[in-house]
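> Here is a sequence with its predicted model. Questions after.
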Amino acid sequence: MIEDKNQQRTGLAALGEFGLIEHLTQNIEIKQPSTLTGIGDDAAILDFKDKKVVISTDLLIEGVHFDLGYMPLKHLGYKAVVVNLSDIAAMNATPTQITVSIAVSNRFPVEALDELYDGIKLAAKGYNVDIVGGDTTSSQKGMILSITAIGEADAEDLAYRNGAGDGDLLVVTGDVGAAYMGLQVLEREKQVFQVNPNNQPDLDGYSYLIERQLKPEARTDVKAILKGLEIAPTSMIDVSDGLSSEIMHLCRLSGVGCNLYEEKIPVDPQLINTCEEFNIDITTVAINGGEDYELLFTIKQDDYDKIKGNPNFTIIGHLTQQSEGTHLITRANTKIPLKSRGWNALSNDEA
């Protein structure tokens, strides 16, 4: 990336911690009725009346979860919010508030954190969630982001990972695999740039894949769509660690097996073209890629007629008795064991 060497740089020390927090959080508006007080006191006060409260938190570490070589700070802020809202959506709940904590080294000026917060605020506005608190502190090296998301739901609407039953249909939103291939394209262009800094990346033809990697969206719309169809999901999880890994989570926690059909797995045409260019197997990417932030859920067979043909959803398989195990049914109608090769953050590698 070519950097503007003449851009304004205000050292963090010039504002101090409280000044920095005030600077970053100015003009934040409160929209949610459940937010009684937000930023400005020792703690936020929330009131959810008779709703159930859903909470999730995530840690993003530079060099492990993101690379600022090709991840713009505004995109990072946006994505950091989205990945947490996705966890709330995966409980079939509605996100309402977030807190944002940042640790940064002195290599980041105030202007860099302004960019990061522009992305955070954009996501909060787009998903109608309030920013109600957080913290800033120093880091010896790089950037660490921690976002906590809070949501609400009626008790009867909540969907867990352990509610699926034998015979239930396996459904996924959107398409899968694109975010992983977007990462492969960005990594390739980064290596080309390192060899020849004058060589500008050619990203034409990869726009969808790169957007799925740098600016994913949380499927907070699914709860209302399912309610409109009068479908209550029996279990639900978000596809952040790879489709096969998430299916196996649902099966293990629900005490069931499954048959996943290769020909049913939804993929984007851009993914197919890029996998062929990289000489990578499409199905391997689709089931193991991760970071898609789509929702994977199960429904009763009785709900089939309500969901068939809906453009938001694809039925990709069905659940079986646990004794039958978890399997991928290939296009050639071969039954092979489904393996979990999703992302494992603790090993910084594929598991």
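Great, that's in hand. Numbers count the residues shown, from 1 in each chain.
> drop to CA atoms for contacts and neighbour counts, all remaining ones
Will do.
> Now do the same for the residue nearest to the spatial centre of the chain: helix, strand or coil?
Against the mean C-alpha coordinate of the chain, by Cα atoms, centre = their mean, the closest residue is residue 83 at 3.3 Å. Secondary structure, DSSP: H, G, I helix; E, B strand; the rest coil: residue 83 is helix.
> list the contacts for it?
If you count contacts by Cα atoms under 8 Å, 6 or more residues apart in numbering, residue 83 has them with 218, 293.
> Local confidence estimate at it?
Looking at residue 83, its pLDDT is 95.
> Next up, phi/psi of the residue nearest to residue 93 when sequence neighbours are not counted, please.
Nearest residue to residue 93 in three dimensions, chain neighbours excluded: residue 153, at 4.9 Å (Cα to Cα, 6 or more residues apart in numbering). Backbone torsions for residue 153, taken as degrees, to the nearest 10, come to phi -160, psi 150.
> All further residue positions should be reported with the first residue as 11.
In the new count, where the first residue is 11, that last one comes out as residue 163.
> So what's the residue count around residue 163?
As a burial measure, residue 163 scores 20 neighbours (other Cα atoms under 10 Å).
> Please apply the same query to residue 267.
23.
> Show me this structure divided up by domain.
With domains defined by automatic domain parsing, the chain comprises 22-167, 179-352.
> export these to CSV and tack on distance to residue 173?
Formatted as CSV, those follow (distance: least, Cα to Cα, whole Å):
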stretch, distance to residue 173
domain 22-167, 12
domain 179-352, 5
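> Quickly, which of those domains bottoms out on average pLDDT?
Ranked by mean pLDDT, those bottom out at domain 22-167, which scores a mean of 91.
> Quote the end-to-end distance of it.
With Cα to Cα, to the nearest Å applied, domain 22-167 spans 44 Å between its terminal residues.
> what do you get for stretch 199-218?
End-to-end for stretch 199-218, by Cα to Cα: 16 Å.
> buried ones in that stretch?
199, 200, 216, 218 (16 or more other Cα atoms under 10 Å).
> Tell me the one of those residues nearest residue 139?
Closest approach between the buried residues of stretch 199-218 and residue 139, by Cα to Cα: residue 218, at 25.9 Å.
> Spit out the contact partners of the closest one.
Residue 218 is in contact with 188, 192, 280, counting by Cα under 8 Å, 6+ apart.
> 10 Å instead, please
Residues near residue 218 by Cα atoms under 10 Å, 6 or more residues apart in numbering: 188, 189, 191, 192, 225, 278, 279, 280, 281.
> Need the contact partners of stretch 256-265.
Contacts for stretch 256-265 (Cα under 10 Å, 6+ apart): 170-176, 180, 244-250, 253, 255, 266-268, 270, 297-298, 300, 305-308, 329-333, 335-337, 348-350, 352.
> of the residues you listed, buried ones?
Buried among the contacts of stretch 256-265 (16+ other Cα under 10 Å): 170-176, 180, 244-250, 253, 255, 266-268, 270, 297-298, 300, 305-308, 329-330, 332, 335-337, 348-350, 352.
> Which of these fall in strands?
Counting by DSSP state E, the buried ones among the contacts of stretch 256-265 place 180, 245-249, 266-268, 270, 305-308, 329-330, 336-337 in strands.
> roughly how far is stretch 330-339 from the heart of the chain?
Its chain's C-alpha centre and that of stretch 330-339 lie 27 Å apart, by Cα atoms, centre = their mean, to the nearest Å.
> distance between the ends of it?
Terminal residues of stretch 330-339 are spaced 13 Å apart (Cα to Cα).
> ditto for stretch 59-75
36 Å.
> One more: stretch 149-169?
Across stretch 149-169, the terminal residues are separated by 38 Å (Cα to Cα).
> Buried residues of it, list them for me.
Within stretch 149-169, the residues that count as buried by 16+ other Cα under 10 Å are 152-163, 167-169.
> cool, stretch 272-286 as well?
Buried, per 16+ other Cα under 10 Å, within stretch 272-286: 272, 275, 276, 277, 281, 282, 284, 285.
> would a markdown table of the residues you listed with distance to residue 144 be doable?
Below are those laid out as a markdown table (distance: Cα to Cα, whole Å):
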| residue | distance to residue 144 |
| --- | --- |
| 272 | 43 |
| 275 | 39 |
| 276 | 38 |
| 277 | 37 |
| 281 | 38 |
| 282 | 41 |
| 284 | 40 |
| 285 | 40 |
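> In strands, which of those residues fall?
Among these, none falls in strands (DSSP E).
> I'd like to know which of those residues is nearest to residue 71.
Nearest to residue 71 among those is residue 281, at 27.3 Å by Cα to Cα.
> Please name the nearest non-neighbouring residue to the closest one.
Closest residue in space to residue 281, ignoring its immediate chain neighbours: residue 188 at 5.8 Å, by Cα to Cα, 6+ apart.
> ok, residue 165 to residue 94 distance?
Relative to residue 94, residue 165 is positioned 21 Å away (criterion: Cα to Cα).
> same deal with residue 324?
From residue 324 to residue 94 the distance is 24 Å (Cα to Cα).
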